[in-house]
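S.K.: Sequence and predicted structure, then a few things I'm wondering about:
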Amino acid sequence: MALKRSLRGGHRFGTMALCVLFFLGVLGQAAYAAQFRVTPVRVDLDKNKRSGTVNLINEGTESVRLQVSAVRWTQDARGKDQYAETDELVFFPKVMVLGPGEKRLIRVGVNAPAGAVEKTYRLFVEEIPQRKKDSEGFNVTVALRFGVPVFVAPAKEAVAGDIKEVSLKDGKLRVTVADSGNVHFMITSIEVTGVGAQGEEVFSRELSGWYLLSGAERSYQTSIDTEECKEIAGLEVKVKTDRVEMRRKVDVDGTGCPR
């Protein structure tokens, strides 16, 4: 993943601030224009592996000052991320300076025993803002923040998911996915197909997902145009994850289409 750090200050602003937050977990590594890299993008721990490392590499030409923090990561009933302070995740160092071409390690471990449900955290690596001048002489403050997921497996894993809802109202298709197991899964895709009265395909759409933690659920929504909607007699939904696959079929009629 790459980000070009290019800002132009307007005449009304003496100082501009930019803070970009990346939730990493899909890609093998992360990098931005200054060639600062974080790898791996997730850490998996269990009863046999109580610690791990995260590599920080500065491939740019300037020194980078970084600070590290950790939070407990949960999701509410709607799948929205929630963060809370924690002392269960131990890591070192907490502050560092990476010179050009330098590589450093963050050592991370957990001091809480495995429970019945997976424990989830985020290790944030944040660039300490540095004021610089842009091409027009304005002060620009730039900071990047990476959130590395840390998963601590339960004593016994139980992977389970459910498509709780497939509904069509006013041309809005809504799919709700729930994690009913005791560990997370990553939703890689949600494939929705609308079929006609003879079983022919009249509509298809693919939606992207994200991490879904144990006990959480998240709804995904997309629009169907009026003409396609009127031809749909049934919907077929397939949810692909990195651990389990879910399918559901529902019959629909024209009452859910725009009028």
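M.R.: Thanks, I have the structure now.

S.K.: Report how many residues lie close to Gly109.
M.R.: 18 (other Cβ atoms under 10 Å). Backbone N, C-alpha and C define where each C-beta goes, glycine included.

S.K.: Quickly list what it is bridged to.
M.R.: Listed beta-bridge partners, Gly109: Ser51, Val90 (assigned using DSSP bridges).

S.K.: Quick one: residues contacting it.
M.R.: By Cβ atoms under 8 Å, 6 or more residues apart in numbering, Gly109 lies in contact with 45, 50-52, 89-91.

S.K.: Going along the chain, name the strands of the stretch 1-150 of the chain.
M.R.: Counting by DSSP state E, counting those that start in this stretch, the stretch 1-150 of the chain has these strands, from start to end: 15-23, 30-31, 36-39, 43-45, 51-58, 64-75, 81-85, 89-92, 95-98, 103-110, 119-127, 130-133, 139-152.

S.K.: For Val195, find the nearest of those.
M.R.: strand 64-75 (32.7 Å; Cβ to Cβ).

S.K.: the helices in the stretch 101-250 of the chain, which residues?
M.R.: 226-231 (DSSP state H, counting those that start in this stretch).

S.K.: which regions of it sit below the pLDDT cut-off?
M.R.: Scanning the stretch 101-250 of the chain with the threshold set as pLDDT under 70 gives 131-142.

S.K.: re earlier: in JSON lines, list the strands of the stretch 1-150 of the chain along with distance to Val183.
M.R.: Listed next are the strands of the stretch 1-150 of the chain as JSON lines, based on distance: least, Cβ to Cβ, whole Å:
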{"stretch": "strand 15-23", "distance to Val183": "18"}
{"stretch": "strand 30-31", "distance to Val183": "24"}
{"stretch": "strand 36-39", "distance to Val183": "23"}
{"stretch": "strand 43-45", "distance to Val183": "11"}
{"stretch": "strand 51-58", "distance to Val183": "17"}
{"stretch": "strand 64-75", "distance to Val183": "13"}
{"stretch": "strand 81-85", "distance to Val183": "17"}
{"stretch": "strand 89-92", "distance to Val183": "18"}
{"stretch": "strand 95-98", "distance to Val183": "32"}
{"stretch": "strand 103-110", "distance to Val183": "15"}
{"stretch": "strand 119-127", "distance to Val183": "9"}
{"stretch": "strand 130-133", "distance to Val183": "39"}
{"stretch": "strand 139-152", "distance to Val183": "8"}
